[in-house]
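> Generate coordinates for the sequence data below:
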Amino acid sequence: MTHELTVSLLNIDRAALTIEVLESLAVLSGEGWLIQLVLVDNGSRADELTMLRDWVAATRSRFEEVVFVESPENLGVSGGRNLALARASHDRLLILDNDVVLPEGRHWLTQLARTMDMEPRSGIVAPMLVFADRPDTVQATGIGLTKTGRVGYLNRNRLAASIASTVLDVVAAPAACWLVRRDAQRAVGLFSEMYHPMQYEDVDFCLRLRVAGWTVLCDPSVRIAHIENVTTRSLTGHAFARTSVRNAMLFREKWSDLLPDVATLTEDDISW
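Numbers count the residues shown, from 1 in each chain. All right, here's what the predicted structure looks like:
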């Protein structure tokens, strides 16, 4: 059976890292997955952009379709992903960061799809994220929120082997790896660009899904290694800490009425 999928992947000045993810996706394309790849370059330097152009030229035949969008400026995470969503042609979307390390084979993706198929109101199915340099340690099994809107990564720093494989219904999940149902995405629209250039756009999207009657699930039986913040911590002109604080304030103001109802964490539950 052939599965159809649109993959969204962003790059900004990290072509070598992005190409590692692309190579893993190209292998999947030959293992029962019909993949439309939408690759968005978010204003990279000329040498980085050339690397991606060369890769696309040499490899596009391994996919159903390759759409390579070259933005002359950094549109932020939301802006870049929205370009990809506007070009998606399939009913399942795989949204990836370029700092993930995808497992060999197709089992991980097949399992995420199986979990989505079992839950008709699942808008997103995410894997358990583990640290790339400590793959036995949990980075996140989803995201929880406090009543004041602070974000906490669930089960962070626990041993991955200690986490049951039971699917979790979570408030949100980091967008490093999401399988998204296209109908759910259409129901809530695009990523909000108020959180430019990054931080909180994924949590905001998940809450909008929840309000619209969709769920966000984490399937801990699938582990994806994530390097974490490779691009966002080095963006020129956007201090990571200052941007995070500003966007946290925007998020809390927007969702202040809902936060008490969706809170699953206390301040003491959050550790980094």
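
> From now on I want contacts and neighbour counts done on CA atoms only, so please keep to that.
Fine.

> how near is the residue lying closest to His196 once chain neighbours are set aside to Ala263?
Distances taken as Cα to Cα, 6 or more residues apart in numbering place Gly76 nearest to His196, at 5.5 Å, with adjacent residues excluded. Counting by Cα to Cα, to the nearest Å, the gap from Gly76 to Ala263 is 28 Å.

> With neighbour numbers in mind, choose between the two.
Neighbours around Gly76 and Ala263, counted as other Cα atoms under 10 Å, are more numerous at Gly76. The numbers are 21 against 17.

> Can you give me every residue that contacts that one?
Contact partners of Gly76, counting by Cα atoms under 8 Å, 6 or more residues apart in numbering, are 42, 193, 196-198.

> how about a cut-off of 7 Å?
196-198 (Cα atoms under 7 Å, 6 or more residues apart in numbering).

> Show me which of these is closest to Leu34.
Met198 (30.0 Å; Cα to Cα).

> neighbours around the closest one, how many?
By the criterion of other Cα under 10 Å, Met198 has 22 neighbours.

> Quick check: it vs Pro72, distance?
On the measure of Cα to Cα, Met198 and Pro72 end up 18 Å apart.

> Show me the strands in the stretch 101-250 of the chain, by range?
Along the stretch 101-250 of the chain, the segments classed as strands by DSSP state E, counting those that start in this stretch run 122-131, 134-140, 143-145, 151-153, 168-170, 177-181, 215-226.

> got JSON lines for those, with mean pLDDT and mean neighbour count too?
Compiled in JSON lines, the strands of the stretch 101-250 of the chain are given as follows (pLDDT from 0 to 100; neighbours: other Cα atoms under 10 Å):
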{"stretch": "strand 122-131", "mean pLDDT": "98", "mean neighbour count": "27"}
{"stretch": "strand 134-140", "mean pLDDT": "98", "mean neighbour count": "21"}
{"stretch": "strand 143-145", "mean pLDDT": "98", "mean neighbour count": "24"}
{"stretch": "strand 151-153", "mean pLDDT": "97", "mean neighbour count": "21"}
{"stretch": "strand 168-170", "mean pLDDT": "98", "mean neighbour count": "17"}
{"stretch": "strand 177-181", "mean pLDDT": "98", "mean neighbour count": "24"}
{"stretch": "strand 215-226", "mean pLDDT": "98", "mean neighbour count": "23"}
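
> Save the ones you listed as TSV, and put in distance to Ile270 too.
Below are these laid out as TSV (distance: least, Cα to Cα, whole Å):
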stretch	distance to Ile270
strand 122-131	17
strand 134-140	12
strand 143-145	9
strand 151-153	5
strand 168-170	15
strand 177-181	22
strand 215-226	19
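
> picking that back up, of the contacts of Gly76, closest to Ser165?
Met198 (30.4 Å).

> Skipping its backbone neighbours, what lies nearest that closest one in space?
The nearest residue in space to Met198 (Cα to Cα, 6+ apart) is Val77, at 5.5 Å.

> From the centroid of this structure, which residue is nearest?
Centroid-nearest residue in the chain, with Cα atoms, centre = their mean: Ala175, separated by 2.4 Å.

> how about the strands of the stretch 101-250 of the chain, which one is nearest Glu65?
The closest of these to Glu65 is strand 177-181. By Cα to Cα, the value is 18.8 Å.

> now that closest one, how far from the chain's geometric center?
7 Å (Cα atoms, centre = their mean, to the nearest Å).
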